[in-house]
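Undergrad: What follows is a predicted structure for the sequence shown.
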Amino acid sequence: MGYDYTCDKCDHEGEYPGLLGTFNKRTWTTTPFGELLQEHGYELGDTVTLCSDCVTKVLLYD
């Protein structure tokens with residue numbers, strides 16, 4: 001069962017995201033990755049949703 005979503009990277013609308021995740025406090029406060037996310041305007045507890053095409057691009061560094 002899917003749900004309606006919009007990809008945060010390309011604005012694709014669909015039912016089945018390729019990736020859905022939230023930022024946890026430990027990563028947020030203790031890692032360079034957390035600092036980078038904060039610099040890009042994300043906040044602790046935000047949810048990131050990507051379509052399968054964007055997940056593939058991110059993982060393959062396209």
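TA: Perfect, thanks for sending it.

Undergrad: so residue 28 sits right up against residue 44, yeah?
TA: Yes - the pair residue 28 and residue 44 passes the contact test of Cβ atoms under 8 Å, sitting 4.9 Å apart. C-beta: built from backbone N, CA, C; applies to glycine.

Undergrad: Looking at the two, which is more packed in?
TA: Legend: neighbour count by other Cβ atoms under 10 Å for residue 28 and residue 44, higher for residue 28 (19 against 14).

Undergrad: how close does residue 61 sit to residue 44?
TA: Using Cβ to Cβ, to the nearest Å, one obtains 26 Å as the distance from residue 61 to residue 44.

Undergrad: so where do the helices sit in the chain?
TA: Ranges of helices within the chain are 25-30, 32-39, 52-60, based on DSSP state H.

Undergrad: measure residue 50 to residue 5 for me?
TA: In this view, residue 50 and residue 5 are 9 Å apart by Cβ to Cβ.

Undergrad: give me every residue that touches residue 20.
TA: 5, 47, 48, 49, 50 (Cβ atoms under 8 Å, 6 or more residues apart in numbering).

Undergrad: Name the member of the residues you listed with the most neighbours.
TA: Neighbour counts for those were taken using other Cβ under 10 Å; the highest belongs to residue 50, with 21 neighbours.

Undergrad: Now do the same for residue 62: its pLDDT.
TA: Reported pLDDT at residue 62 in the predicted model: 55.

Undergrad: Bridged to the residue nearest the centre of the chain, which residues?
TA: In the chain, the centroid-proximal residue (Cα atoms, centre = their mean) is residue 48; its distance is 3.0 Å. Per DSSP bridges, the residues bridged to residue 48 are residue 21.

Undergrad: List the contacts of it.
TA: For residue 48, the contacting residues are 8, 19, 20, 21, 22, 23, 42, taking Cβ under 8 Å, 6+ apart as the criterion.

Undergrad: What of residue 18?
TA: Counting by Cβ under 8 Å, 6+ apart, the residues that residue 18 touches are 50, 51, 52, 53, 54, 55, 56.
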